[in-house]
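K.L.:
task: produce atomic coordinates for the following.
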Amino acid sequence: MSEQTEKAFQKQPTIFVGRKRVVGQKVDIRTQRYFRDIGHGIKTPQAAIKGHYIDKKCPFTGNVSIRGRILRGFVVSTKMKRTVVLRRNYLHYIKKYNRFEKRHKNFPAHCSPAFSLKEGDLVTVGQCRPLSKTVRFNVLNVDIAASGKKQFKAF
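P.N.:
Predicted structure coming up:
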């Protein structure tokens, strides 16, 4: 049981793990796992269905619903545990000069262990309830793998 790395016993709250075994009956090899379809046209990743991780903030296996905005951004930092920092680029129009200027916003998002992200990946995130002081989004899908340094790309 590699998922037991925390001090508290890690289990999915919807699965009962203390089932009694009857002598003489065959043991069920298939392990039970709770997962769900979050909707919005996003498929549940195979790592969430067949994986062994426990994450209560995962939208596929935990108790988090996706509602509100669906955004895309580039991964800037993966230094935190199960949290990534995303960068969204946009253009701001300045009427006086009749031109646009480049701007960006960084925001953190929870990353489920179902995804392995690295800097530069383009990901889709969905808004959810506040998961911590600053985290209000959850990674739903990895669109494009990393190609190089950070670049300004408008969507």
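K.L.:
for the helix or strand of the chain with the lowest mean pLDDT, list the C-alpha coordinates in CSV.
P.N.:
Sorting the helices and strands of the chain by mean pLDDT, DSSP states H and E puts helix 46-50 at the bottom, at a mean of 89. Output in CSV follows, covering the C-alpha atoms of helix 46-50 (Å, rounded to 0.1, in the frame of the first residue of the first chain):
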residue,chain,number,x,y,z
GLN,A,46,-7.3,6.2,-16.4
ALA,A,47,-4.9,7.0,-13.6
ALA,A,48,-8.0,8.1,-11.5
ILE,A,49,-9.9,4.9,-12.4
LYS,A,50,-7.1,2.4,-11.9
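K.L.:
residues in contact with that helix?
P.N.:
With contacts defined as CB atoms under 8 Å, 6 or more residues apart in numbering, helix 46-50 is touched by 33, 35, 53, 58, 60-61, 112-115. Bear in mind the C-beta positions are built from the backbone N, C-alpha and C, glycine included.
K.L.:
quick one: buried ones out of those residues?
P.N.:
Neighbour counting by 16 or more other CB atoms under 10 Å classes 35, 58, 60-61, 112-115 among the contacts of helix 46-50 as buried.
K.L.:
and those as TSV, adding secondary structure, pLDDT and distance to residue 84?
P.N.:
Shown next, in TSV, are those (DSSP: H, G, I helix; E, B strand; the rest coil; pLDDT from 0 to 100; distance: CB to CB, whole Å):
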residue	secondary structure	pLDDT	distance to residue 84
35	coil	87	21
58	coil	92	14
60	coil	92	16
61	coil	90	18
112	coil	93	11
113	coil	92	12
114	coil	92	13
115	coil	93	9
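K.L.:
following element in sequence after the least confident helix or strand of the chain, please.
P.N.:
Sequence order places strand 70-80 as the next helix or strand after helix 46-50, per DSSP states H and E.
K.L.:
what's that following strand packed up against?
P.N.:
Secondary-structure packing of strand 70-80 (3 or more CB pairs under 8 Å, 6 or more residues apart in numbering; DSSP states H and E): strand 83-94, strand 99-110, strand 122-127, strand 137-144.
K.L.:
residue 69: which of the ones you listed is closest?
P.N.:
strand 122-127 (4.5 Å; CB to CB).
K.L.:
which helices and strands sit right next to the closest one?
P.N.:
Counting contacts by 3+ CB pairs under 8 Å, 6+ apart, strand 122-127 is packed against strand 70-80, strand 83-94, strand 137-144.
K.L.:
and these, which is most packed in?
P.N.:
Across the helices and strands packed on strand 122-127, averaging neighbours per residue (mean count of other CB atoms under 10 Å) puts strand 137-144 on top, at a mean of 20.
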